[in-house]
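Trainee: I would like to see how this sequence folds:
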Amino acid sequence: MDQLWLAFVQWLHTVGLHVDAGTSRAVAESAARATQQLDMPALLALAAALGWASGFRLYAVVFIVGLMGAADWLALPAGLSMLAHPAVLAVSGFMLLVEFFADKVPWLDSAWDALHAFIRVPAGVALAAGVFSADNATMAVVAGLLGGSLSATALATKMTTRAAANTSPEPFSNWGLSFLEDGLVVAAVWLATQHPVLFGIALVLVLATLLWLTPALYHVPQAVLAAVVVTAVTGLIKPMGMLRLWPVSRVETTIGLTTFVLTLASAPRLYWGVLAGLVMNLSHFLYQRLHPRIIEVGLHPDGSLRDRHLWQLAPLAPQVLALRMDAELDFASAAALERRVADELAARPELRTLALFALPINRIDVTGVEAFMRLRALMLSRGGALHVAGLKLPVQRTLERAGVLHDGPDLRAWRTDAEAIAALQPSDVKEAAPAG
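Mentor: Numbering: from 1, shown residues only. Below you'll find the predicted structure:
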């Protein structure tokens, strides 16, 4: 509003109308007071949201609000402008990741909350007070008291609920509560900045629920609570899904069934079965990444490149090893590609050219670049060359930045597979090929 009034005064001067300094200052102060009154609900809502949400996820609140300010999605008050600083964003983002995972582990979440009991409440006071500038010290104190109270309420509720959940041997209740808190923090910040009145209503309803309904859970029989858990988990058991998965992937079906059996066998310590399933899935994933599909291709009668050994096709060209890898060329797959090339060259000494049909490769990292350089040097040492066809733009740019894609006697790059095939095949084969 101050900038708008200043622009208006300057326009009046350009048309010959002069406003004295006293009048200009009085009007500006009146406009500022009016603007402050108009923005008061939004500011109070933001202060309440920051205080309440910091009791659950302090670092998430700092990071989200700072990111919104840095991206110009939210006009941060002067007292919160430091949240948009890159250093604050970096530290809060890192701590956000640490807190995200620490909050998912039973008992570690309670220890983490106990440690942050001395951090979250003061931080909630500071964030809420920072919504109002130093020019409005009264409202800053009021906002600080409000933010501190809401932060302490949220923290106490969180610690009590987590302590009760940790008495259960299964980890699902901890995970569910943690993800619920993640969603509540994001929703609270968004609602407070976009719809402050609705946030105020929602906050009152949430506080009423926490104060009056949560203690009632103590009187609920454990059999009822167990029935609620069993009903929720029963919906996750789908035997027909396993049967449909078997023709698609027998390995994944076996992992799923084994995880289910181990989870039942490890009761009441169900998390051991879940952990075993996680380890098996991770091992299967790593095995697939470390053993990508690499095939030697040949030219099929329909004009496509297919697995030469599966379709019993002739080599693409004499003294040419034509390979295609259906995976990213990164730290996990680079060794497999180099090993396949070395094995083929050792078994077939007459090979002089390596043709890499790289269309399926959509990403390459530093290890992949180094593998590319070693393959190029290997073919050069054999008096041959490396031909690369169909590089995608991200991969091509990475290789160009590394300075390893420049054409030379040992490297030829082709835009399409057809260009590479035409360049590699002997002239008599090209002339014998049917037109079209």
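
Trainee: For the rest of this, base every contact and every neighbour count on C-alpha atoms.
Mentor: Noted.

Trainee: Number of residues surrounding the residue lying closest to residue 246 once chain neighbours are set aside?
Mentor: The shortest distance from residue 246 to any non-neighbouring residue, by C-alpha to C-alpha, 6 or more residues apart in numbering, is to residue 253 (5.6 Å). As a burial measure, residue 253 scores 18 neighbours (other C-alpha atoms under 10 Å).

Trainee: Could you grab the helix/strand/coil label for residue 253?
Mentor: Three-state assignment for residue 253 (DSSP: H, G, I helix; E, B strand; the rest coil): helix.

Trainee: what's the spacing between it and residue 239?
Mentor: From residue 253 across to residue 239, the span is 11 Å (C-alpha to C-alpha, to the nearest Å).

Trainee: now residue 315
Mentor: From residue 315 to residue 239 the distance is 46 Å (C-alpha to C-alpha).

Trainee: neighbour count winner among these two?
Mentor: Using other C-alpha under 10 Å as the criterion, residue 315 and residue 239 rank with residue 315 on top: 16 against 10.

Trainee: Now the phi/psi pair for the more buried one, please.
Mentor: phi -60, psi 150 (degrees, to the nearest 10).

Trainee: Excluding chain neighbours, give the residue nearest to it in space.
Mentor: Nearest to residue 315 is residue 298, by C-alpha to C-alpha, 6+ apart, at 5.6 Å.

Trainee: In contact with the one you found, which residues?
Mentor: Residues near residue 298 by C-alpha atoms under 8 Å, 6 or more residues apart in numbering: 305-308, 313-316, 322.

Trainee: mind listing the strands for the protein?
Mentor: Using DSSP state E, the strands found in the chain span residues 294-299, 305-307, 320-325, 353-357, 385-389, 411-414.

Trainee: ok, back up a step: which of the contacts of residue 298 has the most neighbours?
Mentor: In the contacts of residue 298, the most neighbours by other C-alpha under 10 Å go to residue 322, 24 neighbours.

Trainee: distance of the residue nearest the centre of the chain from residue 124?
Mentor: Nearest residue to the geometric centre of the chain (C-alpha atoms, centre = their mean): residue 97, 10.5 Å. Using C-alpha to C-alpha, one gets 20 Å for the distance from residue 97 to residue 124.

Trainee: cool, residue 87 as well?
Mentor: 20 Å.

Trainee: contacting residues around stretch 354-362?
Mentor: Residues outside stretch 354-362 that contact it (C-alpha under 8 Å, 6+ apart) are 320-329, 379, 384-392, 394-395, 417.

Trainee: check contacts around the residue nearest to residue 246.
Mentor: Here residue 253 is in contact with 242, 245-246 (C-alpha under 8 Å, 6+ apart).

Trainee: remind me which residues of the stretch 301-436 of the chain are low pLDDT?
Mentor: 427-436 (pLDDT under 70).

Trainee: for the stretch 151-300 of the chain, same thing?
Mentor: 164-173, 210-211, 213-226, 228-230, 232-233, 235-236, 268, 270-271.

Trainee: Can you show me the helices along it?
Mentor: Using DSSP state H, counting those that start in this stretch, the helices of the stretch 151-300 of the chain run over 172-194, 196-208, 222-234, 239-248, 250-265, 270-290.

Trainee: now, of the ones you listed, which is deepest in the fold?
Mentor: Stretch with highest mean neighbour count among these: helix 172-194 (a mean of 18; mean count of other C-alpha atoms under 10 Å).

Trainee: could you say what helices and strands that one packs with?
Mentor: helix 21-54, helix 58-70, helix 137-165, helix 196-208 (3 or more C-alpha pairs under 8 Å, 6 or more residues apart in numbering; DSSP states H and E).

Trainee: Residue 87 and residue 124: who's more crowded?
Mentor: residue 124 (32 against 11).

Trainee: Which residues are in contact with the more buried one?
Mentor: 50-52, 54-55, 58, 144, 147-148, 151 are the contacts of residue 124 under C-alpha under 8 Å, 6+ apart.

Trainee: Leaving out chain neighbours, which residue sits closest to it?
Mentor: Distances taken as C-alpha to C-alpha, 6+ apart place residue 51 nearest to residue 124, at 4.2 Å, with adjacent residues excluded.

Trainee: so how far is residue 185 from that neighbour?
Mentor: Distance from residue 51 to residue 185, by C-alpha to C-alpha: 11 Å.

Trainee: again with residue 421
Mentor: Residue 421 is 57 Å from residue 185, where distance means C-alpha to C-alpha.

Trainee: what about residue 162, neighbour count?
Mentor: For residue 162, using other C-alpha under 10 Å, the count is 21.
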